[in-house]
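Undergrad: Using only what follows, build the 3D model:
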Amino acid sequence: MDANSNTVDPLTLSVVRHKLISVAEEVVEVMTQTSFSPILNQSRDFSSAVLSGKGEVLAQAERVPIHMGALSFAVQAMIEAFDGDVRNGDVIVCNDPYFGGSHLPDVTLAAPVFVDGVLTMWIANRAHQGDIGGISPGGYSPSATEIWQEGLRIPPTKIASGGKLRTDFVRMLCVNSRTPDDMRGDMMAQLASVQRGAARASQLYARYGRTTMEAVCTEILNAGERSMRRQFGEWKRGTFEGVSCLDPFTPNDDPVPIKVTVTLDGTSAVVDFSECQDQFGNFINSPLANTIAAVNVAFMYLSEARESLNDGSSRAVCVKTRKGSFVDPKPPAAVAACTTLTASVIIEAVMDAMAEAVPHRVVCGFARRFRVAISGTDRAGRSFIWHSFANRGGAGAHQGGDGWSNIGVVHNPGGAPSPSVERTESAYPFVVEVYSLRPDSAGTGQFRGGLGGVYAIRYEGTTPARITPTGDGEVIAPYGLRGGQPGAVHYYTIEQGGNTATLGSKDANATLMPGAVLTLRSAGGGGFGDPKLREPSLVKQDLDYGYVTG
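TA: Now for the predicted structure:
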């Protein structure tokens, strides 16, 4: 660093920036190795970030994008709530959507980093807890009409104070979960992970000094802003409209549009959702932090610069909403589906608007999320809750490449790996009978979409199990672009008692009897370009591999 200025040399900047990323990655590793529930130690539905003392994301692990785009809102809510009453050794927890959270299962823990008595950084971990209470096991309920029905609300609260765990508070958390042992183990894993991250960050300050570290953090954010503004300068200027729709909530309803207007002036973007409908009396509402996070994810798809992967880039993007709309609801609106369903459609709407401004970077439609939670009694008579994370559907194609097969949804492409078949069968009363790609599910095009999959499980529990589905994309297919065709929609069925019934994405209180087979056929991604322009060798390969049947 230049001794006569606050300018940091490029080598030090690069080294420290990558070390901050490694701090976030170590938080992930601690969490993976110590968490109790498979949703975390196998599917890794959690994220971590290093933030400035003001709560701005500086570095992040490559985990779940929709988490990381909203982490700063939760940490900033913590800062505001405690207003200077934060000490070394404190750890703060929050999950409330109206305090910077997304939905209640996503619980954020954050540990401050003090240097010379000054709060310089935060280390945060947001993890999806397997059950947070509420009227449906697993935290999602299509029948919820207000947030209190979705689980336990945790405003910013200290889970550790001055280095001492608040065991009374942890006990209160666990007693509100249907899986208290997992809840306690996972919360302790989160706590250990952010404490490890805080220790590593302190070591960086000890090595490089507070002055250098502050200069690095400032330049990381400034570089993110410059990178985003530079890219806006390369895009077409003007005002562009986009729309995408959620499936009808019931068969008698209409699709729910998300309308957006994006204005690009060469240095910034204004993203306006003012025309969206009023908030709903169901769980598809998206709190403001989640809506802004989805916009950030969309722009990261369109960006090609790693320097943009911090909160500096968001300085160039202004998001406008209408308070009381379903993309910026007022309490006590239910919001559980916001991260999985509504976020994906927000991203799609922004992509639709950007198709004219940046046609070479937009992607076609991904399979949307259609998850199920199953609760019941296992072979040994113990209660369980299982979350489906396998078979997540195909990604959309783009100009220059096919979509990825069965990798997951647009708000979290590959961030939550599929659990192993063997561990699923050993931990839960299921036998996985089919796990394969789904032929003919990809949208055709010069570049085809990714394939969906087929995942069939036989339930071997001792009592009837309750299924809580939460999904979208069984009506509206993943879209194609430039003449490409849409992908296939989701199609889920239950075979039991000699009958086969379709499982709808919002069917509340469906039942799975012992011996029943649940088959999940996930959607394929949309295709890009005229199918007649596809390379003959790729057409032959698709036939040879069984991706298409004719």
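Undergrad: gap between residue 336 and residue 89?
TA: Between residue 336 and residue 89 the computed distance is 33 Å (Cβ to Cβ, to the nearest Å). To be clear about C-beta, it is placed using only N, CA and C from the backbone, and glycine gets the same treatment.
Undergrad: nope, residue 267 is what I was after
TA: 43 Å.
Undergrad: is it true that residue 249 touches residue 282?
TA: Yes. Residue 249 lies in contact with residue 282 (Cβ atoms under 8 Å); the separation is 6.0 Å.
Undergrad: circling back to that earlier point, give me the more crowded residue out of residue 336 and residue 89.
TA: When residue 336 and residue 89 are compared on other Cβ atoms under 10 Å, the one with more neighbours turns out to be residue 336, at 30 against 15.
Undergrad: For that one, which non-adjacent residue is spatially closest?
TA: Leaving aside its chain neighbours, residue 336 sits nearest to residue 283 (4.3 Å; criterion: Cβ to Cβ, 6 or more residues apart in numbering).
Undergrad: Tell me where the stretch 301-450 of the chain has helices.
TA: Ranges of helices within the stretch 301-450 of the chain are 343-357, 421-427, based on DSSP state H, counting those that start in this stretch.
Undergrad: Just say which of these is most tucked in.
TA: Highest mean neighbour count of the helices of the stretch 301-450 of the chain: helix 343-357, a mean of 25 (counted as mean count of other Cβ atoms under 10 Å).
Undergrad: Export that one to PDB, keeping only CA atoms.
TA: In PDB, the C-alpha atoms belonging to helix 343-357 read as follows (Å, rounded to 0.1, in the frame of the first residue of the first chain):
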ATOM      1  CA  ALA A 343     -37.800 -15.200  -7.200                       C
ATOM      2  CA  SER A 344     -37.500 -17.400 -10.300                       C
ATOM      3  CA  VAL A 345     -40.300 -15.500 -12.100                       C
ATOM      4  CA  ILE A 346     -38.800 -12.100 -11.100                       C
ATOM      5  CA  ILE A 347     -35.500 -13.300 -12.700                       C
ATOM      6  CA  GLU A 348     -37.400 -14.400 -15.800                       C
ATOM      7  CA  ALA A 349     -39.200 -11.100 -16.100                       C
ATOM      8  CA  VAL A 350     -35.900  -9.100 -15.900                       C
ATOM      9  CA  MET A 351     -34.500 -11.500 -18.500                       C
ATOM     10  CA  ASP A 352     -37.400 -10.900 -20.800                       C
ATOM     11  CA  ALA A 353     -36.900  -7.100 -20.500                       C
ATOM     12  CA  MET A 354     -33.200  -7.600 -21.200                       C
ATOM     13  CA  ALA A 355     -33.600  -9.800 -24.300                       C
ATOM     14  CA  GLU A 356     -33.500  -6.800 -26.600                       C
ATOM     15  CA  ALA A 357     -30.800  -4.800 -24.700                       C
END
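Undergrad: Tell me the helices and strands packed up against that helix.
TA: Contact partners of helix 343-357 among helices and strands, from 3 or more Cβ pairs under 8 Å, 6 or more residues apart in numbering; DSSP states H and E: strand 238-246, strand 256-264, helix 288-302.
Undergrad: Any buried residues in stretch 356-373, and which?
TA: Across stretch 356-373, burial judged by 16 or more other Cβ atoms under 10 Å covers 357-358, 361-373.
Undergrad: Please, which helix or strand holds residue 182?
TA: helix 180-208 (DSSP states H and E).
Undergrad: Show me what counts as buried in that helix.
TA: Applying 16+ other Cβ under 10 Å to helix 180-208 flags 182-198, 200-202, 204-205, 208 as buried.
Undergrad: next one: stretch 410-421
TA: Under 16+ other Cβ under 10 Å, the buried positions of stretch 410-421 are 410, 411, 412, 413, 415, 416, 418, 419.
Undergrad: Can you name the residues that contact the first one?
TA: Looking back up the chat, that one is residue 410. 297, 301, 344, 347, 348, 363, 365, 366, 368, 395, 396 (Cβ atoms under 8 Å, 6 or more residues apart in numbering).
Undergrad: one step back: pull up the overlap in contacts between residue 249 and residue 282.
TA: residue 142.
Undergrad: Now residue 255: closest residue in space, sequence neighbours ignored.
TA: Residue 255 sits nearest to residue 245 (Cβ to Cβ, 6+ apart), 3.8 Å away.
Undergrad: related to what we said a few turns ago, any chance of the helices of the stretch 301-450 of the chain in CSV with mean pLDDT and distance to residue 263 as columns?
TA: Below are the helices of the stretch 301-450 of the chain laid out as CSV (pLDDT from 0 to 100; distance: least, Cβ to Cβ, whole Å):
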stretch, mean pLDDT, distance to residue 263
helix 343-357, 97, 10
helix 421-427, 94, 47
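Undergrad: Can you give me the end-to-end span of stretch 441-455?
TA: 14 Å (Cα to Cα, to the nearest Å).
Undergrad: follow-up on the earlier one: now the helices of the stretch 301-450 of the chain in TSV, please, with extra columns for distance to residue 383.
TA: Below are these laid out as TSV (distance: least, Cβ to Cβ, whole Å):
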stretch	distance to residue 383
helix 343-357	31
helix 421-427	13
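Undergrad: can you list the domains in this structure?
TA: Listed domain ranges for the chain are 10-225, 363-550 (source: automatic domain parsing).
Undergrad: looking at those, which is closest to residue 231?
TA: Among the domains of the chain, domain 10-225 comes nearest to residue 231, with 11.1 Å by Cβ to Cβ.
Undergrad: before we move on, the earlier item: the residue nearest to residue 336 and residue 340 touch, don't they?
TA: No. Residue 283 is not in contact with residue 340 according to Cβ under 8 Å; the separation is 10.2 Å.
Undergrad: who has more neighbours, the two?
TA: Counted by other Cβ under 10 Å, residue 283 and residue 340 do not tie: residue 283 has more neighbours, with 28 against 22.
Undergrad: For residue 160, see how far away that one is.
TA: 32 Å.
Undergrad: How about residue 434?
TA: From residue 434 across to residue 160, the span is 46 Å (Cβ to Cβ).
Undergrad: Just want to know which of these two has more residues nearby.
TA: Higher neighbour count among residue 434 and residue 160: residue 160, with 20 against 15, using other Cβ under 10 Å.
Undergrad: Could I get the pLDDT score of the more buried one?
TA: pLDDT for residue 160: 98.
Undergrad: Secondary structure element holding it?
TA: Per DSSP H and E: strand 157-161 holds residue 160.
Undergrad: Next up, the contacts around the closest residue to residue 136 other than its chain neighbours.
TA: Spatial nearest neighbour of residue 136, excluding adjacent residues (Cβ to Cβ, 6+ apart): residue 468 at 4.6 Å. Residue 468 makes contacts with 136-138, 140-142, 372-375, 508-510, as judged by Cβ under 8 Å, 6+ apart.
Undergrad: Please pick the buried ones from these.
TA: Counted by 16+ other Cβ under 10 Å, these give 136, 137, 138, 140, 141, 142, 372, 373, 374, 375, 510 as buried.
Undergrad: The fourth one: which element?
TA: What that stands for is residue 140. Using DSSP H and E, no helix or strand contains residue 140.
Undergrad: doesn't residue 283 make contact with it?
TA: Yes. Judged on Cβ under 8 Å, residue 140 makes contact with residue 283 at a distance of 7.1 Å.
Undergrad: Confirm residue 92 sits in a helix?
TA: No. Looking at residue 92 with DSSP: H, G, I helix; E, B strand; the rest coil, it is strand, so not inside a helix.
Undergrad: burial of it, as a residue count?
TA: 26.
Undergrad: Report the beta-bridge partner residues of it.
TA: Beta-bridge pairing for residue 92 (DSSP bridges): residue 110, residue 158.
Undergrad: Give the intersection of the neighbour lists for residue 283 and residue 340.
TA: residue 470.
Undergrad: So which of the buried residues of stretch 356-373 are in strands?
TA: Counted as lying in strands by DSSP state E, out of those, are 370, 371, 372, 373.
Undergrad: now, among these, which is nearest to residue 223?
TA: residue 371 (36.9 Å).
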